[in-house]
Every structure is written in structure tokens, then in C-alpha cells.
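Peer 1: any chance you can model this:
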Amino acid sequence: RFHFPVYSSGSSEDDSVSEQAQLQSQVEDLINQIDSEKTMFKVSLPLASIPATTHANMATSRGGKKGNKKEGGKSTESGLVKGLEGVVDGAVLVCPGCALTCGDVSVEESLQPSAVDILIEQTVAIDSALTAPKFAYEPGEGEDIKVRTVHLNMDILMYVLRSSTLEEAMNAVVKPAVNRQLVGMIMSAISSATGEMSAYHFALPDWPVCITVVYPLPVGGATGPAAEEALVMYRTGLHKELGLPLDRPLLRVANSLSLSPSATDATLDGRLKNTHIGIPSSHVVGGKQYLVQGDYLYYHYMQDRFDDKGWGCAYRSLQTLCSWFMLQHYTSATPPNHRKIQETLVKIGDKPKEFVGSSQWIGAIELSYILDELLGVACKVMTVNTGAELPSKGRELAHHFTSQGTPIMIGGGVLAYTLLGVDWNEKTGDCAFLILDPHYTGGEDLKSIQPRWCGWKRGDKDLFVANAFYNLLCPQRPNTV
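Peer 2: Numbering: from 1, shown residues only. From the prediction side, this is the model:
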């Protein structure tokens, strides 16, 4: 984390050209200092890779401990460290068993003194104040000085050849990457009223490399729904520049890559995700598959130690639909439980108070009310008079999965299913349906689920009742980034 105080004349307006130039000059001075060969980088080595007998010979923190002396402004060390001189320009290799301290940086007299501590790898627990790089710059005394502090949360993703040495990586990749992001962050901070800039990485569909986006955020890095909403116009501009669709979130903070478990991962609770992957063929000759786009969770009977066998299939289908919107980051809300669903229907006046806590069925229309009330999602309803008519809807269903990509709830009679796709032959009209069946009561075992409870079904004989009325609830993807 870089803490960068921006100093400018108090007599100038925030957005004036003179202040912009002054700030740019400060940025250039800062970068020159960081990129200077006189800048010292601290590198910690894995403890297991260092013989115990060499620890005492390694440079430690300030305080005159063994093996640390200075010659001409640079640190030299005995033992193992001396043998590794030149690995990084001006490097001080620090024993991982010792606390890291900020190194001195020699600069020209015309520049203000500064200190840089760049931590390449941390292998031991140390003071939290030293867990990230920090840069402090003070221009000295002056009249009418105005101070604005901007917190820059740097996060740099780099591609390095496996054959590269540490020195090659530092000089060719790491330093330039730090410079580029630092300049971009500070210049963005100049035109932003927020007190914090944070970098996030994204893996976009069909892109061979990741991209990094710097977002202005409130101090403290709040990234909840309000912060995401405030960045809609910013993200819309990025989507246009990168040629990304304007009806789906790809660059929200919630979409960013993370090496640590996310809140969304914690909501899985052992549920299976994308259970249709790896299922056998549908055997539609000459057909083309149109499938759900994105991730979803499989909700079914008896999960969460809740007995809804015989009446909760539509509730479970709704939860699967809600999980799709959560995992695509249209919402941060987790799928509602049965009681929440019932309470919502009572709240909007669709059901009486006695409905809460009951075991009454719900259908496609009730599901549309819930999606609209809880997620703001609109739905279209496709109707067929008999189950035998469902294959005739192949074209419309193919269009839905191409344009919207959301899972569909099918309700008819006393049963409900989730539709994940169709395999449709445009010439012959032959059609198979990829069904996710919420009536499954077993454990989260994919081998037990495929292909009976998640697989391709023929509408005329395997699944739908010939003389039953069916509604197909088709959620519409929100037109937002």
C-alpha cells in the first residue's frame, strides 16, 4: 500500500492546469526515485532454503547486529548474503526470522529524502504495519501548502517466464509494472474526489490474458452494493472501450480475481455447482445445444436439513435461479430460504398470513413475484397447453439461452423443474431438454445425480405429462454492468 500525500498551492483551484502540472511533476519525481538503482528492495527467503548455520551471518534489522556493515552507502553482508550479491540491485537480503525494517534510500541532494520498502515475498508473521509496501514523500516547508492524502492499494499481476532469474524479473517486469500502475493510480486520483484507489484483476471470457482496472473507492475500500452502483458509469465506459457487452457485469469488484476464499464461496455450503458438465449426449441427430451461460448451484429436496419433500420443488428451483444471479454478481444476496419466500409473498399481498410456515406449493407466477421483489429481475412467461407441445418451443428456448442465458423454471401440474438448455434440430424440430430435477433427496454426489437427476430428457415421453398445462418462467438478464 502506498500512502501518497499530494501537495499543492492553496491558492490554486483543485482542477486547475497549474495544479495538474505540479502534481504530475511530483509523480515523476516519485517514479524516478523508485526506479533508481539506489532504491533498495528487501527480499525474504523461505526459511527452509537457508541452512541454520548461516542465519547468524545474514543481515538483520537495525541495531548493530552481526553481519551488517555499510560501505559507500550500500549494505554488504557476510556468509550466504555476500555470496548472493548482485541478485537484485542494491538488495538487502533479510533473514526471515527477523523483523523487516525500512531501508535507507540515497537520493540526489536536489530531491527530498524518501524511503521505499518493497516486500517481494513474506514468509513469516511480522508487524502488520510492514505487510505491504509503503512510500512517504514530504516536500519540506513552504507557504500555503495544501495536503491531500490518497491511499493507493496496489495489486500487480505480472507474467514472467519460468526461465527468468530474480534479477531479470525485477528489472524487466516488476519495476516497470510498479511504475505503470503507480502513475496510473495517482493520475486517476488527481481527477477523483475519493480518498482511495484500488487495483483489481479480471479474467474476461475468451480473453487470453487478465486485465487490471483501477477503481476510485471510498476511504476504507468499501465495495458493497452502494459502491458498485456508484461505479456504473465508470464501468460502462470501460465496457465500451474493451468491446464488452453492456447487459452483464464483467468488471464489478465482485468479479475480480482473488487468491483467498470469497464470501460467495462460503455460501456454497457443500452444494454442487454446474452439475450438467460431463453428462452423456442427448442423441439429437443434427442438433445444436443452447445452454445456460454462467454458474449456478444445484438446490433440491432435503437440503439444509429442511424436509420439503413433496411440496418444495418450485422453492428449490427458485433458489437455483437466484444462485445464478448471485454467482454472476448481479446481486450479493444469497438465495432465500422457504420462509423468506413465503414472507415475501405475504408482504406483497399475494398470499394470506397463514401461508408463512405452511407446506403449500407455489408456481411460476409466484416465482416471478419473488424475483422482481428481491432481485429486481423481470421475467417472461412462456405457456403451453400440454406437455406434448413443449418440443415445438425449441426455437424460442434456443433464443432465450442465446440472448439471456438464464436458467428457466418449468411448472406444470404439481411438479417443477429447472431447464438448463435445449438440444434442437432446426430442420427436423427434434428437441431434447437439459433438466435439473429438484426432486432429488440424496447427498451431494455427482455420480448419483447424473444423468437421472441432471440430464437430457425428451419432452414427449421422459418427463412432461401430455395433457398437463405448463408455464415456463424465463428470467431476463438485467441490462446493467
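
Peer 1: after the helix or strand containing I365, heading C-terminal, what element do we hit next?
Peer 2: Using DSSP states H and E, the element containing I365 is helix 364-370. Using DSSP H and E, the helix or strand that directly follows helix 364-370 along the chain is strand 379-384.

Peer 1: parallel or antiparallel, list what pairs with that following strand.
Peer 2: Partner strands and pairing direction for strand 379-384 (DSSP bridges) are strand 470-475 (antiparallel).

Peer 1: what sits up against stretch 240-249?
Peer 2: Contacts made with stretch 240-249 from outside it, assessed by C-beta atoms under 8 Å, 6 or more residues apart in numbering, are listed as 204, 211, 235-236, 238-239, 250-251, 255, 328-330, 477-481. Backbone N, C-alpha and C define where each C-beta goes, glycine included.

Peer 1: filter those residues down to the buried ones and hand me the PyMOL line.
Peer 2: The PyMOL selection below is limited to those of the contacts of stretch 240-249 classed as buried (16 or more other C-beta atoms under 10 Å):
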select buried, resi 235+238+239+250+251+255+328+329+330+477+478+480+481
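
Peer 1: okay, and which of the contacts of stretch 240-249 map to helices?
Peer 2: If you go by DSSP state H, the contacts of stretch 240-249 have R235, T236, L238, H239 in helices.

Peer 1: against P407, how distant is the closest residue to the first one other than its chain neighbours?
Peer 2: This means R235. What sits nearest to R235 in space, not counting adjacent residues and going by C-beta to C-beta, 6 or more residues apart in numbering, is V481, at 4.6 Å. Here the criterion is C-beta to C-beta, to the nearest Å. By it, V481 lies 21 Å from P407.

Peer 1: what segments of this structure are helices?
Peer 2: Under the criterion DSSP H, helices of the chain are mapped to 17-35, 79-83, 166-169, 175-190, 225-230, 232-242, 263-266, 313-327, 338-347, 364-370, 394-403, 446-449.

Peer 1: dump the residue contacts of the residue lying closest to F306 once chain neighbours are set aside.
Peer 2: What sits nearest to F306 in space, not counting adjacent residues and going by C-beta to C-beta, 6+ apart, is H338, at 6.7 Å. Under the criterion of C-beta under 8 Å, 6+ apart, the contact partners of H338 comprise F306, D308, G312, Y315.

Peer 1: please apply the same query to V414.
Peer 2: When the contact criterion is C-beta under 8 Å, 6+ apart, the partners of V414 are W361.

Peer 1: mind checking pLDDT for it?
Peer 2: Looking at V414, its pLDDT stands at 74.

Peer 1: the residue nearest to R235 against M233, yeah?
Peer 2: No. V481 sits out of contact with M233 when judged by C-beta atoms under 8 Å, with a separation of 9.4 Å.

Peer 1: mind checking how far the residue nearest to R235 is from P245?
Peer 2: V481 sits 8 Å away from P245, taking C-beta to C-beta as the criterion.

Peer 1: return every residue with contacts to both of the two.
Peer 2: With contacts defined as C-beta under 8 Å, 6+ apart, the residues shared by V481 and P245 are H239.

Peer 1: what's G405 in contact with, if anything?
Peer 2: Under the criterion of C-beta under 8 Å, 6+ apart, the contact list for G405 reads V292, Q293, G294, R477.

Peer 1: from these, pick the one nearest S192.
Peer 2: Taking C-beta to C-beta as the measure, S192 lies nearest R477 of these, at 30.2 Å.

Peer 1: look up the closest residue to the closest one, ignoring the ones flanking it.
Peer 2: Closest residue to R477 apart from its sequence neighbours, by C-beta to C-beta, 6+ apart: Q404 at 4.9 Å.

Peer 1: could you pull up the contacting residues of that neighbour?
Peer 2: With contacts defined as C-beta under 8 Å, 6+ apart, Q404 is in contact with C474, P475, Q476, R477.

Peer 1: could the residues you listed go into JSON lines alongside pLDDT?
Peer 2: Supplementary listing: these in JSON lines, determined by pLDDT from 0 to 100:
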{"residue": "C474", "pLDDT": "97"}
{"residue": "P475", "pLDDT": "97"}
{"residue": "Q476", "pLDDT": "95"}
{"residue": "R477", "pLDDT": "91"}
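
Peer 1: narrow the residues you listed to just the buried residues.
Peer 2: C474, P475, R477.

Peer 1: can I get those in a markdown table including distance to L371?
Peer 2: Below are the buried ones among the contacts of Q404 laid out as a markdown table (distance: C-beta to C-beta, whole Å):
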| residue | distance to L371 |
| --- | --- |
| C474 | 11 |
| P475 | 6 |
| R477 | 12 |
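
Peer 1: quick revisit: elements contacting the helix holding I365?
Peer 2: Judged by 3 or more C-beta pairs under 8 Å, 6 or more residues apart in numbering; DSSP states H and E, helix 364-370 is in contact with helix 313-327, helix 338-347, strand 379-384, strand 408-412, strand 470-475.
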